[in-house]
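Visitor: Any chance you can model this:
(2 chains)
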Amino acid sequence: MTQEGLSSTQLNAVLKSEGAPWQAGDTPLSDLSEDELKQRLGYEPGPDEPSLDERIALSTGHLAEAGLTAAGAPASFDWRNRGGKNYITPVKNQGGCGSCVAFGTAAAVEGMVRIRRNNANDPVDFSEAHLFYCIAKSQGRHCRNGWWIAPALDGFKKPGIVDEACFPYTAGNQNCKLCKNWQCRVTSIPSWHVIKNTAAMKRWLSTRGPLVTAFAVYQDFSSYKSGIYKHVTGRYRGGHCVCCIGYNDTEGYWICKNSWGTRWGEGGYFKIAYGQCGIDAAMWAVDNVNLWHKHKKIIGLFATGGTRNAWAYIQGVGWRRVSYENDTIFFTMLTQLSAAKAAKRPVSLFDVNNVIKEIYVF
Amino acid sequence: MADTKPQEPMTEEEVLEETNRDELRPSDEPPASAVTEEGDEGEEDALGAWVRNKKIVSLWSINQNRNSWVGVGGVGWRKLDNSTDSGVTALTILGANARQTKGSVNYNETKKKINMMYVW
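Guide: Numbers count the residues shown, from 1 in each chain, chains lettered A, B, ... in the order given. The predicted structure is shown next:
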């Protein structure tokens, strides 16, 4: 038996009567009690944000207004297959703690890092423990009351989030135990914003990167194995945060990365129909990632006669503009970059929105 | 007083019309993947002409404001765009880098004045 007296066979029978949009089966979550399933969620709408009921209504409205297609975006997109490369980091498991917001936001920023570095194999792996057991905890949040997305993204802005090895995640309330040199190990983002229009969501997904989103989870979702999820039966269990990585207009679904391990769903991912459960009421976009490009060579320089307009070509990265806030900054940095190129010495560069803000030359 | 020129001077050309070029950004990829035929000198149009795969063989400056030149192998002296302080100085730094490293240079010129430069 999976839930509320329904076996996966019975649930599939219900699904069949609804046109079989998705397939149910035994998953690591399908036998969990109501309380245990709630512990695998953890999205709580913020003070100024729509409730989950309001998100559901907004999503339904978006579907009616916008339909399936979006001008200016391809008919389908999936960051797991962009030019044959997968820019999404491996699926994780939040375990029995309502820390989904940490996982959904970290997944989106990890994807942005791989995209910005143009390296689908980049080993980026952020510490969800830092997000949840340090930043969320300082705001009174814990495994049982969850969190919302804006403060998690603010945590990525400042102080930034360390790598997984600095504070490995395990499920369960615990103290903030960052490694000693944690301040040298953070990655930060310059800004983020909310997208409330489904066409803009698709344009962002297909050109910039993954999005963070939240939706209402019902009991049947725990038994999802494959297909395009629509709520058909089972009671409401809570809000959940995931990372949206693609969409398909032909069949009308979003592709999302969950944090319930790879044995749930389609290898840890799921498809959910447009307008379902509040999934597309609004999504959160990471504008960019502040990156250190470490131990790189400067292989080209470019300048024009215009005001403070010079660029450096970083090996394996591409063109980045030299900071242009004032003459002193501009010439100091350009001189150092020129010296590094001339001597063929490695550099480490801090990059904010494709502008070089800090330089080491070794 | 007109700016002094290096030896074997070119005819002083009228200053480029002031245009907002601060937003110009590089588009070339490194030479291994770029088309950089030896001595490739394009036709000049309203946006100038690209000259590719050259060496900077000499530098020249004098105690006059915004007056910096580079000697281009096989071409001769070229003045660096002097529309702005930071522009002429940045181009000078790149010219010096190219001279020091014997690096390959692609540049765009209008009326024999270099207004954009790549150094590889």
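Visitor: CA atoms only: put stretch A:253-265 into PDB for me.
Guide: Written as PDB, here are the backbone C-alpha positions of stretch A:253-265 (Å, rounded to 0.1, in the frame of the first residue of the first chain):
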ATOM      1  CA  TYR A 253       5.100  20.600 -19.100                       C
ATOM      2  CA  TRP A 254       7.900  22.000 -17.000                       C
ATOM      3  CA  ILE A 255      10.900  19.800 -16.200                       C
ATOM      4  CA  CYS A 256      12.100  20.100 -12.600                       C
ATOM      5  CA  LYS A 257      14.900  18.700 -10.500                       C
ATOM      6  CA  ASN A 258      13.700  17.400  -7.100                       C
ATOM      7  CA  SER A 259      15.800  16.700  -4.000                       C
ATOM      8  CA  TRP A 260      14.500  13.300  -3.100                       C
ATOM      9  CA  GLY A 261      17.300  11.200  -4.500                       C
ATOM     10  CA  THR A 262      17.600   9.400  -7.900                       C
ATOM     11  CA  ARG A 263      15.300   6.500  -7.000                       C
ATOM     12  CA  TRP A 264      12.300   8.800  -7.000                       C
ATOM     13  CA  GLY A 265      10.600  10.000 -10.200                       C
END
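Visitor: If we go by neighbour counts, what in it is buried?
Guide: Counting neighbours by 16 or more other CB atoms under 10 Å in any protein chain shown, one finds that the buried residues in stretch A:253-265 are A:Tyr253, A:Trp254, A:Ile255, A:Cys256, A:Lys257, A:Asn258, A:Ser259, A:Trp260, A:Gly261, A:Trp264, A:Gly265. (Glycine included, C-beta is placed from N, CA and C.)
Visitor: ok, now stretch A:309-320?
Guide: Quick answer for stretch A:309-320 (16+ other CB under 10 Å): A:Asn309, A:Ala310, A:Trp311, A:Ala312, A:Tyr313, A:Ile314, A:Val317, A:Gly318, A:Trp319, A:Arg320.
Visitor: And the helices in the chain, which stretches?
Guide: By default, I'm working from chain A. According to DSSP state H, chain A carries its helices in the segments A:8-17, A:34-38, A:52-66, A:100-116, A:128-129, A:137-138, A:149-157, A:198-207, A:327-343.
Visitor: that answer is for a different chain, and I need it for chain B
Guide: Using DSSP H, helices in chain B cover B:85-101.
Visitor: how many neighbours does whichever residue of it sits closest to chain A have?
Guide: Minimum separation of chain B from chain A (CB to the nearest CB) falls at B:Asp81, amounting to 2.7 Å. Applying other CB atoms under 10 Å in any protein chain shown, we find 28 residues neighbouring B:Asp81.
Visitor: Now do the same contact list for it.
Guide: A:Thr304, A:Gly305, B:Leu16, B:Gly87, B:Val88, B:Leu91, B:Lys113, B:Ile114, B:Asn115 (CB atoms under 8 Å, 6 or more residues apart in numbering or on different chains).
Visitor: Widest-spaced pair of those residues?
Guide: B:Leu16 and B:Leu91 (13.0 Å; CB to CB).
Visitor: and for these two, which residues touch both?
Guide: Common neighbours of B:Leu16 and B:Leu91 (CB under 8 Å, 6+ apart) are A:Gly305, B:Asp81.
Visitor: Show me which of the two is the more surrounded one.
Guide: Between B:Leu16 and B:Leu91, counted using other CB under 10 Å, B:Leu91 has the larger neighbour count: 25 against 16.
Visitor: how about that one, what does it touch?
Guide: By CB under 8 Å, 6+ apart, the neighbours of B:Leu91 are A:Ala303, A:Thr304, A:Gly305, B:Ser68, B:Leu80, B:Asp81, B:Ile114, B:Met117.
Visitor: Hmm, the second one is touching B:Tyr118, no?
Guide: No. Proximity of A:Thr304 to B:Tyr118 does not meet the contact threshold set by CB atoms under 8 Å, at 10.5 Å.
Visitor: Might you report the residue contacts of the closest residue in space to the residue of chain B closest to chain A that isn't next to it in sequence?
Guide: Spatially, and ignoring its direct neighbours in sequence, B:Asp81 is nearest to A:Gly305 (2.7 Å; CB to CB, 6 or more residues apart in numbering or on different chains). Contact analysis of A:Gly305 by CB under 8 Å, 6+ apart lists B:16, B:21, B:80-84, B:87-88, B:91, B:114-116.
Visitor: what's the closest of those residues to A:Ser222?
Guide: Nearest to A:Ser222, judged by CB to CB, of these is B:Arg21 at 58.5 Å.
Visitor: and the closest residue to A:Glu164 other than its chain neighbours, how many neighbours does it have?
Guide: What sits nearest to A:Glu164 in space, not counting adjacent residues and going by CB to CB, 6+ apart, is A:Asp125, at 4.2 Å. Look at A:Asp125: counted by other CB under 10 Å, it has 17 neighbours.
Visitor: Check A:Leu63 too.
Guide: Applying other CB under 10 Å, I find that A:Leu63 has 17 neighbouring residues.
Visitor: Let me see the contact set for it.
Guide: A:Leu63 neighbours (CB under 8 Å, 6+ apart): A:Thr198, A:Tyr274, A:Gly275, A:Asp280.
Visitor: If we check chain B, which of the buried residues of stretch A:253-265 are in contact?
Guide: By CB under 8 Å from any CB of the partner chain, no member of the buried residues of stretch A:253-265 lies near chain B.
Visitor: of all those, which two lie farthest apart?
Guide: A:Tyr253 and A:Gly261, at 21.5 Å, using CB to CB across the buried residues of stretch A:253-265.
Visitor: pretty sure A:Leu29 is touching A:Trp264, no?
Guide: Yes. Between A:Leu29 and A:Trp264 there is a contact at 5.9 Å, judged by CB under 8 Å.
Visitor: I'd like to know how far the nearest residue to A:Gln315 once chain neighbours are set aside sits from B:Trp120.
Guide: Leaving aside its chain neighbours, A:Gln315 sits nearest to A:Lys297 (4.3 Å; criterion: CB to CB, 6+ apart). Per CB to CB, to the nearest Å, A:Lys297 is found 12 Å from B:Trp120.
Visitor: got it, and A:Thr328?
Guide: On the measure of CB to CB, A:Thr328 and B:Trp120 end up 27 Å apart.
Visitor: out of those two, which sits in the busier spot?
Guide: More crowded of A:Thr328 and B:Trp120, by other CB under 10 Å: B:Trp120, with 21 against 8.
Visitor: Give the burial count for the closest residue to the more buried one other than its chain neighbours, as a bare number.
Guide: Ranked by CB to CB, 6+ apart and with sequence neighbours excluded, the top spatial neighbour of B:Trp120 is B:Ser104, at 4.6 Å. B:Ser104 has 19 neighbours, counted by other CB under 10 Å.
Visitor: Check A:Arg144 too.
Guide: Neighbours around A:Arg144, by other CB under 10 Å: 12.
Visitor: That one contacts A:Leu41, doesn't it?
Guide: No. A:Arg144 is beyond contact range of A:Leu41, at 10.7 Å (criterion: CB under 8 Å).
Visitor: tell me, what's touching these two both at once?
Guide: With CB under 8 Å, 6+ apart as the test, A:Arg144 and A:Leu41 both reach A:Gly98.
Visitor: So for residue 74, what's the pLDDT?
Guide: Reading this off chain A. Listed pLDDT for A:Pro74 reads 95.
Visitor: I was thinking of chain B, sorry if that wasn't clear
Guide: In this prediction B:Gly74 is given a pLDDT of 96.
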